[in-house]
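S.K.: Need coordinates for the below:
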Amino acid sequence: MAAATLLRQFKELSKHPIPGFRISLKDENVFTWEVGIIGPPKTIYEGGYFLSTIKFPQDYPFNPPSFTFNSPFFHPNVYPDGTLCISILHPPGDDPMSGEKAEERWNPTQTVESILLSIVSLLNDPNCSSPANVDAGVMYRQNREKYNEIIAEQVKASKKDIPADLVLPTSEEHYQYKKPEESPADDENFWYDDDAEAEEDFDFDGEDDEQEEED
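M.R.: Okay, here's the model as predicted:
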């Protein structure tokens, strides 16, 4: 069940947050997550806070979610409408048109955690071989100073969205991700209990209510 899988991943990331990200559910909808990306220290994104949205399909994890920046984000791998273009979010299987191999694209073993970590890596190391934003790709290669100026303006504009309780990391060490030594998934009873809670806390698609009325 996609909803249960997503709720498990959400609870895991809430308990063991990835440095550089804040997540929440939009309108208690487990299929739509709101994500705040904290600009990594010692990069051109330092000091920024970029709001974005992840939308998951009903057949997750068999197909990938979409990831969209809510405000203009000038980057070679982000379309002008804010949609992120990254191999890990492309549908499963080989793609002869783009040359991408199946191992580069989405597969059901991927998680929200792996998506977020891939985004951190992509920020300062864009793929300019087939850019989603051609202008950004050309400028990144040929006029890095101008490119950095545009990013600086976007970082400045993004600061208005920084939550009042958020303390931005000041060093790379504070931003570094460390895999938790123990995961709640190791406890066989953990997910059982949470799935029961999920049925009480979330109305994923309205089907349960309709079934009750029919009964």
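S.K.: right, and Pro65 touches Thr53 too?
M.R.: No: taking contacts as CB atoms under 8 Å, Pro65 lies outside contact range of Thr53: 9.6 Å. All C-beta spots, glycine's among them, are computed from the backbone N, C-alpha and C.
S.K.: hey, where'd the strands end up in this protein?
M.R.: Taking DSSP state E, the strands of the chain run over residues 21-26, 29-38, 49-55, 66-69.
S.K.: helices and strands around the last one, which ones?
M.R.: With contacts defined as 3 or more CB pairs under 8 Å, 6 or more residues apart in numbering; DSSP states H and E, the packing partners of strand 66-69 are strand 49-55.
S.K.: Can you spell out which helices and strands pack onto the strand it packs on?
M.R.: Identification of packing neighbours for strand 49-55 by 3+ CB pairs under 8 Å, 6+ apart yields strand 29-38, strand 66-69, helix 144-158.
S.K.: if we can go back for a sec, Throw the strands of the chain into CSV and include mean pLDDT and mean neighbour count, thanks.
M.R.: Formatted as CSV, the strands of the chain follow (pLDDT from 0 to 100; neighbours: other CB atoms under 10 Å):
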stretch, mean pLDDT, mean neighbour count
strand 21-26, 94, 15
strand 29-38, 96, 19
strand 49-55, 97, 18
strand 66-69, 97, 18
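S.K.: could the ones you listed be laid out in a markdown table, adding distance to Glu104?
M.R.: As requested, the strands of the chain are exported to a markdown table (distance: least, CB to CB, whole Å):
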| stretch | distance to Glu104 |
| --- | --- |
| strand 21-26 | 23 |
| strand 29-38 | 22 |
| strand 49-55 | 20 |
| strand 66-69 | 16 |
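S.K.: who wins for proximity to Ser158 among these?
M.R.: Smallest distance to Ser158 across the strands of the chain (CB to CB): 5.1 Å, for strand 49-55.
S.K.: Please work out the angle formed by the directions of that closest one and strand 21-26.
M.R.: Angle, strand 49-55 to strand 21-26, by axes from the mean of the first three to the mean of the last three CA atoms, to 10 degrees: 50 degrees.
S.K.: Where do the helices of the chain begin and end?
M.R.: 2-15, 112-123, 134-142, 144-158, 172-175, 188-201, 207-214 (DSSP state H).
S.K.: Nearest to Leu116 among the helices and strands packed on strand 49-55 would be which one?
M.R.: Comparing the helices and strands packed on strand 49-55 against Leu116 with CB to CB, the closest turns out to be strand 29-38 (7.5 Å).
S.K.: what's next to the closest one, contact-wise?
M.R.: By CB atoms under 8 Å, 6 or more residues apart in numbering, the residues outside strand 29-38 that reach it are 2-3, 6-7, 10, 19-26, 48-58, 60, 67, 112, 116, 119, 161, 163, 166, 168-169, 175, 198, 202, 204.
S.K.: weakest of the helices of the chain in terms of mean pLDDT?
M.R.: If you rank the helices of the chain by mean pLDDT, helix 188-201 sits at the bottom with a mean of 44.
S.K.: TSV please, covering the helices and strands packed on strand 49-55 and showing distance to Leu84.
M.R.: Shown next, in TSV, are the helices and strands packed on strand 49-55 (distance: least, CB to CB, whole Å):
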stretch	distance to Leu84
strand 29-38	11
strand 66-69	4
helix 144-158	15
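S.K.: Quick one: closest of those to Leu89.
M.R.: strand 66-69 (6.2 Å).
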